[in-house]
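J.: got a structure for you, letters missing:
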């Protein structure tokens, strides 16, 4: 008998929306980042998200477009796209099997960043992503769009 979502099944793609209190215009960091990227990068990123979600994620073998992160970002996944003018684009994602009201696993896009070629994000950037992830995990039902 099945008791909840399985990592072996396709996932739904959702975007984290930080708690806004009374502000319905509160941003969705991952979705906002994606919308700000060049059209070719958005298209490729969306294609990767769909491929990963339907594979499902643990079975996706997509040539470094979907990577499990390490170190302080262990438990996170990164969609990695190289764009025009030697620029890197990254979405930071979590997999969620505990979300109330969902019968499928969730591929949650939490945040996104871009950076020049061959540079790294700062420790503060990664800490900010983790802070958003903690906020996401601390609310159930989840705050998603």
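T.: Cool, got the structure. What you are looking at is a predicted structure, and each value in this text was computed from that prediction instead of being measured.
J.: CA atoms for contacts and neighbours, from now on please.
T.: Noted.
J.: All the strands of this protein, residue numbers only.
T.: Here the chain has its strands, by DSSP state E, at 11-15, 66-68, 77-83, 87-96, 105-116.
J.: residue contacts, the nearest residue to residue 28 once chain neighbours are set aside?
T.: Counting by Cα to Cα, 6 or more residues apart in numbering, residue 28 lies nearest to residue 17, which is 4.6 Å off, once chain neighbours are set aside. With contact taken as Cα atoms under 8 Å, 6 or more residues apart in numbering, residue 17 is in contact with 26, 27, 28, 29, 143, 144, 145.
J.: rerun that using 10 Å as the cut-off
T.: 26-31, 109-111, 132, 135-136, 142-145 (Cα atoms under 10 Å, 6 or more residues apart in numbering).
J.: circling back to that earlier point, distance to residue 41 added to the strands of the chain, as a markdown table?
T.: What follows is the strands of the chain, written out as a markdown table (distance: least, Cα to Cα, whole Å):
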| stretch | distance to residue 41 |
| --- | --- |
| strand 11-15 | 18 |
| strand 66-68 | 15 |
| strand 77-83 | 6 |
| strand 87-96 | 8 |
| strand 105-116 | 11 |
